[in-house]
Structure formats: structure tokens, C-alpha cells
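**Q** Compute the structure for the input listed below.
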Amino acid sequence: MSEADKRIDDDWKRRAQEEKQKIASQMGGILEESGEPGESKSVESDPRFPALVQQIAYPALMALGQIPDPRTGERMLDLNLAKETIDLLGALESKTDGNRSDEEESMIKDLLRDLHVAYTQVANAQSQAAQDLMASDPSAEGD
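**A** Numbering: from 1, shown residues only. Next up is the predicted model:
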């Protein structure tokens with residue numbers, strides 16, 4: 001590559017980066033990248049992201065009996081719903097990898113960890129309760 005070609009290529013990269021930053025600022029400044037390859041990009045927090053994560057996590061918390069259903073005021077236990085919801089939150093985490101601020105990264109990782117722990121504890125408790133019931137009432141096996 002000749003020196004003139006390299007200068008044109010570098011100029012093109014600079015203009016493309018400036019255009020990207022201009023578009024990002026017009027769209028709310030969600031993404032700010034550094035100009036040099038190899039440098040890490042900094043991502044600004046999106047104020048809607050915590051609400052999105054909470055909206056997805058809320059049904060999991062209800063399904064695990066962690067919070068009552070706001071309509072009935074009762075707690076429920078639905079491990080299938082909890083698992084599906086936790087998996088959905090995991091998909092969001094996976095698909096937004098590299099596009100979250102440090103705050104958002106910490107929030108989603110911590111929430112997923114807490115949900116996994118709660119799911120495991122509830123599933124183990126439910127399994128233990130079923131085993132205890134079977135041990136105390138062998139006729140319950142056919143139910």
C-alpha cells in the first residue's frame with residue numbers, strides 16, 4: 001500500500017468515525033467510541049435499560065414467590081415461568097454484551113446471579129418438600 005493510499009484510508013476512517021459520533025449524538029448519545037482501533041469504547045448508560053431489565057425480571061421474582069402478585073396480593077410458585085423469564089434476561093445480557101455501561105453491566109450480572117440463586121433454592125426446597133411428603137405419606141406417590 002502506497003503512502004497516498006494509506007493517507008486516504010486513514011482519512012476515510014476518521015470521517016466514518018466522525019459520522020458515527022454525529023449520528024450517536026443525534027440519537028441520544030448512547031454509544032461513544034474512541035477513534036483508535038484497539039482502544040476500548042465507553043458506553044453511556046441508557047436511562048431506559050434498568051426499566052427494561054426490571055420489567056423482564058419482575059415476573060421471575062413473582063414466579064419464585066419473592067414478591068406478591070400485585071393483582072391478587074398472593075405469592076405464587078411457578079418454576080417453569082421463572083426459568084423462562086431468567087433465560088429471557090440471559091438472552092438480553094448476551095445480546096447486549098459489549099454495549100452496556102459499567103453500571104448496566106453490574107446491574108444485569110448481579111440480578112441474573114441473584115435470580116439463579118433464588119431459583120436453585122426454591123427448586124431444591126420444592127424437591128425436598130416433595131421427598132418429605134413421599135416419605136411421610138407413601139400413598140401420595142400416585143397423586
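**Q** What is the helix or strand hosting Leu52 packed up against?
**A** Leu52 is located in helix 49-63, with elements delineated by DSSP states H and E. With contacts defined as 3 or more C-beta pairs under 8 Å, 6 or more residues apart in numbering; DSSP states H and E, the packing partners of helix 49-63 are helix 79-95, helix 102-136. (Each C-beta comes from the backbone N, C-alpha and C, glycine too.)
**Q** so who does the spatially most central residue of the chain touch?
**A** Nearest to the geometric centre of the chain sits Glu93, at 3.6 Å (C-alpha atoms, centre = their mean). Counting by C-beta atoms under 8 Å, 6 or more residues apart in numbering, Glu93 touches Ile108, Lys109, Leu112.
**Q** Poorly predicted segments of this protein, please.
**A** For the chain, the stretches flagged by pLDDT under 70 are 1-9, 22, 24-41, 138-143.
**Q** Please parse it into its domains.
**A** Domains of the chain are assigned by automatic domain parsing as 1-44, 45-143.
**Q** ok now the last one, how far from the chain's centre?
**A** What that stands for is domain 45-143. Distance, stretch centre to chain centre, for domain 45-143: 12 Å (C-alpha atoms, centre = their mean, to the nearest Å).
**Q** and what of stretch 42-57?
**A** 9 Å.
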